[in-house]
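Based on what follows, work out the 3D shape:
(one chain, ligands or ions: 1)
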Amino acid sequence: MQPRFDLFIWSQIAYLRGLARAKGGNISLFKDNKIYIKPSGYSFFDVLPWKISIMDIDGTFKNNYKPSSEYPMHLEIYRKLPFVKAIFHTHSFYATLFAFLKSAIPVFTEEARIYLKEIPLIPFAQPGSSELGKRVVEHLSNDIQVGILENHGTIVVGKTLKECYYLSELLEESAKLAWHLKLFEK
Ligand SMILES: C[C@H](O)[C@@H](O)[C@@H](O)C(=O)COP(=O)(O)O
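Okay, here's the model as predicted:
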């Protein structure tokens, strides 16, 4: 599939399914040595095929749409984790709740145990910094592909945008379940 179309489709789905709201979060795809990334200040819903920023892996870009302010984090992840070809960063509600509680999200369901294994809390670094990317790289791997960014939101990496989407959905579902179970704790 054309990378621009791929990014458009999965951004739309994430927005319409409520994983991304307002102008929060960003999404990117690494294909043929180019990074296709949401433009800064746009919502996932507005990632139209012709509004996508394209960057080289060295961070240079020349297009009409300024890349997401989180491009240093995306670059750092693609450089250091070569299996990663797609990235989702959202502020999905329940996962972000845990990010502000500064608590890793416990994993309960068999599905989450199989596909997520664990959901680490990644210590705070300034949004928009490559330091944030470095923290992500220290916590994610081929095995653990999702995490929550302290005081910020979620981070999910994968081989395709489709994979990132399903992992993001499962991450949010796990956070929602953990939150509701917490309410029953004595
Ligand atoms: C400070 C921003 O909200 C930050 O969290 C960023 O990650 C974000 O969600 C949207 O920024 P861009 O529109 O520049 O991708």
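
Would you confirm that Val157 belongs to a strand?
Yes - looking at Val157 with DSSP: H, G, I helix; E, B strand; the rest coil, it is inside a strand.

ok, it - contacts?
77, 81, 84, 86-87, 136, 140, 145-146, 164 (Cβ atoms under 8 Å, 6 or more residues apart in numbering). For glycine as for every other residue, the C-beta is placed from the backbone atoms N, C-alpha and C.

Please narrow these to those residing in helices.
77, 136, 164 (DSSP state H).

Just the buried ones from those?
Buried subset of these (neighbour count, 16 or more other Cβ atoms under 10 Å): 77, 136, 164.

who touches the nearest residue to Tyr166 once chain neighbours are set aside in this structure?
Counting by Cβ to Cβ, 6 or more residues apart in numbering, Tyr115 is the residue found nearest to Tyr166 once chain neighbours are left out, at 7.9 Å. Tyr115 makes contact with 166-167, 170 under the criterion Cβ under 8 Å, 6+ apart.

picking up where we left off before, from the contacts of Val157, which land in strands?
Among the contacts of Val157, the members falling in strands are 86-87, 146 (criterion: DSSP state E).

restrict those to contacts with the ligand.
With Cβ under 6 Å from any ligand atom as the criterion, the subset of the ones in strands among the contacts of Val157 in contact with the ligand is empty.

And the strands in the protein?
26-31, 34-37, 53-56, 86-89, 121-122, 146-149, 153-158.

Mean pLDDT added to the ones you listed, as JSON lines?
Formatted as JSON lines, these follow (pLDDT from 0 to 100):
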{"stretch": "strand 26-31", "mean pLDDT": "98"}
{"stretch": "strand 34-37", "mean pLDDT": "97"}
{"stretch": "strand 53-56", "mean pLDDT": "96"}
{"stretch": "strand 86-89", "mean pLDDT": "98"}
{"stretch": "strand 121-122", "mean pLDDT": "98"}
{"stretch": "strand 146-149", "mean pLDDT": "98"}
{"stretch": "strand 153-158", "mean pLDDT": "98"}
